[in-house]
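J.: Here is the input, now give the coordinates:
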Amino acid sequence: MKNFVLAGAAYWDKAAKGARTQGLFSLDKASGEWRPVTNGLPDELEVRCIALRGADAIYVGTQHGPYRSTDGGESWGRLPLPGLETVVWSILALGAKTLLVGAQNTTIYRSDDDGASFRALDVPTPEGACVMAFPNRVIRMAADPANEDEIYAALEVSGVVRSLDGGESWCDCSAGLIGLARQDRLKSQIGTKDSNEGMMDSHALLVSPSRPGTVFLANRMGLFRSPDKGESWVEMGIGQYSNLTYARDLRVFPHDPNTLFAALSDTAANGPGSLYRSQDLGESWSRFDHGLSIDSTLMTVATSAATPDRIYCAARKGQVFGTEDGGKSWQEYPLPEFVQGVYALACG
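T.: Predicted structure coming up:
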């Protein structure tokens, strides 16, 4: 499946729950229009993540569990989860047949037969976890490209955990984040009385393909780096380059392991937003979207493994922007106006 763009949306504004504000959409680039993807997917679909494996396998995380397409998104089937936690926030495809599915309440499932069966992993809740009005969720997972048994999970709003044995056991990697929260400018509390809340509000992470043992994290307070597999964390200083520091997504460019993309915004609910790029593993950053008018939180970034010049980003309230020439020019592809909770984006 080549030359595709998929966007996933879920309920964000609960007051608008009666409206059809969610779903999975495919972009027709010729017309610039989006069409709903429905064949085999449940009604009133909420999509919070999209993962790819190879040329044709696509996985989406929904409120009813994970779904898979093996024909490039033409048809879908549900994958059976064994537990009660079916609201899926993240999916990580490893190797030929391994899947990790992240759900609510610090729940992670593992499959070694490409989703035919799953088992729940024993993932502890970190000591510094913040109790919010919503259940904490496994918002992103990543593995070391050189060792897929080394897995990290970003927990919203509970920090970071790590496994060195493929998920059989886990340890808390949040102590360094809590330590940084002693600095006044890294304190934040919105839903609790805990000033560590902002540093525990993880959104995305990745493991560097070019610098062994280095993990990058995006959270409410900005961008952070661990040089030692999560044992300690340092601030990356994104505030030197942008006045927008609420970091929602962080991706490594598949065609250059030293290039990172970060989705930055003002707050969780409102714009403006902007897309930044680093070409030196986060040592310096520059704005990459050439002044696009992004009017809500920039939620997600997608790159194409097949086409280096293809990069897309999406904002919470339905704006999608794409470049096909490596960032020289951008085009907007707005989702239908009823879409108000974009979480996921993927392109081929």
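J.: in the protein, which segments are predicted with low confidence?
T.: 1, 12-20 (pLDDT under 70).
J.: which helix in it runs the most residues?
T.: helix 175-180 (DSSP state H).
J.: Buried residues, it. List them.
T.: Neighbour counts over helix 175-180 (16 or more other CB atoms under 10 Å) mark 176-178, 180 as buried. C-beta: built from backbone N, CA, C; applies to glycine.
J.: Same question for stretch 100-115.
T.: Using 16+ other CB under 10 Å as the test for burial, stretch 100-115 gives 100-104, 106-111, 114-115.
J.: Beyond the longest helix of the chain, next helix or strand please.
T.: The helix or strand immediately downstream of helix 175-180 is helix 197-200, counting by DSSP states H and E.
J.: from the chain's centre, how far out does the longest helix of the chain sit?
T.: Distance of helix 175-180 from the chain centroid (CA atoms, centre = their mean, to the nearest Å) equals 22 Å.
J.: And the furthest pair within the buried residues of stretch 100-115?
T.: 106 and 114 (24.2 Å; CB to CB).
J.: about what we covered before: which one among the buried residues of stretch 100-115 gets closest to residue 144?
T.: For the buried residues of stretch 100-115, the minimum distance to residue 144 (CB to CB) is 13.6 Å, reached by residue 100.
J.: The closest residue to the closest one other than its chain neighbours is in what secondary structure piece?
T.: Leaving aside its chain neighbours, residue 100 sits nearest to residue 92 (4.3 Å; criterion: CB to CB, 6 or more residues apart in numbering). Using DSSP H and E, residue 92 maps to strand 88-94.
J.: Relative to whichever helix or strand comes after that strand, what are the paired strands and their orientations?
T.: Per DSSP H and E, the first helix or strand lying C-terminal to strand 88-94 is strand 98-103. Take DSSP bridges as the rule and strand 98-103 pairs in its sheet with strand 88-94 (antiparallel), strand 108-111 (antiparallel).
J.: Residue 242: which of those is closest?
T.: Of all these, strand 88-94 sits nearest to residue 242, with 25.5 Å by CB to CB.
J.: Residues contacting that closest one, please?
T.: Contact with strand 88-94 is made by 48-53, 57, 59-63, 65-66, 99-104, 137-143, 148, 151, 153, 156, as judged by CB atoms under 8 Å, 6 or more residues apart in numbering.
J.: Distance from it to the middle of the chain?
T.: In terms of CA atoms, centre = their mean, the centre of strand 88-94 is found 10 Å from the chain centre.
J.: and what of stretch 82-100?
T.: Using CA atoms, centre = their mean, the offset of stretch 82-100 from its chain centre is 14 Å.
J.: what does stretch 195-211 give?
T.: 11 Å.
J.: what comes up buried for that stretch?
T.: Residues of stretch 195-211 classed as buried under the neighbour-count rule (16+ other CB under 10 Å) are 196-208.
J.: taking those as a set, which two sit the farthest apart in space?
T.: Taking CB to CB, the two most distant members of the buried residues of stretch 195-211 are 197 and 208; they sit 27.0 Å apart.
J.: distance of the closest residue to residue 96 other than its chain neighbours from residue 57?
T.: On the basis of CB to CB, 6+ apart, the spatially nearest residue to residue 96 that is not a chain neighbour turns out to be residue 114, at 7.6 Å. Between residue 114 and residue 57 the distance is 8 Å, computed by CB to CB, to the nearest Å.
J.: try residue 181
T.: According to CB to CB, residue 181 and residue 57 sit 40 Å apart.
J.: Tell me the helices and strands packed up against the helix or strand where residue 155 lies.
T.: In the assignment (DSSP H and E), residue 155 maps to strand 147-156. Counting contacts by 3 or more CB pairs under 8 Å, 6 or more residues apart in numbering; DSSP states H and E, strand 147-156 is packed against strand 88-94, strand 98-103, strand 137-144, strand 159-163, strand 202-207, strand 215-219.
J.: residues in contact with the helix or strand containing residue 321?
T.: Under the criterion of DSSP H and E, residue 321 resides in strand 320-323. Counting by CB under 8 Å, 6+ apart, strand 320-323 makes contact with 5, 7, 27, 275, 289, 292, 294, 309-314, 329-335, 342, 345, 347, all of which sit outside it.
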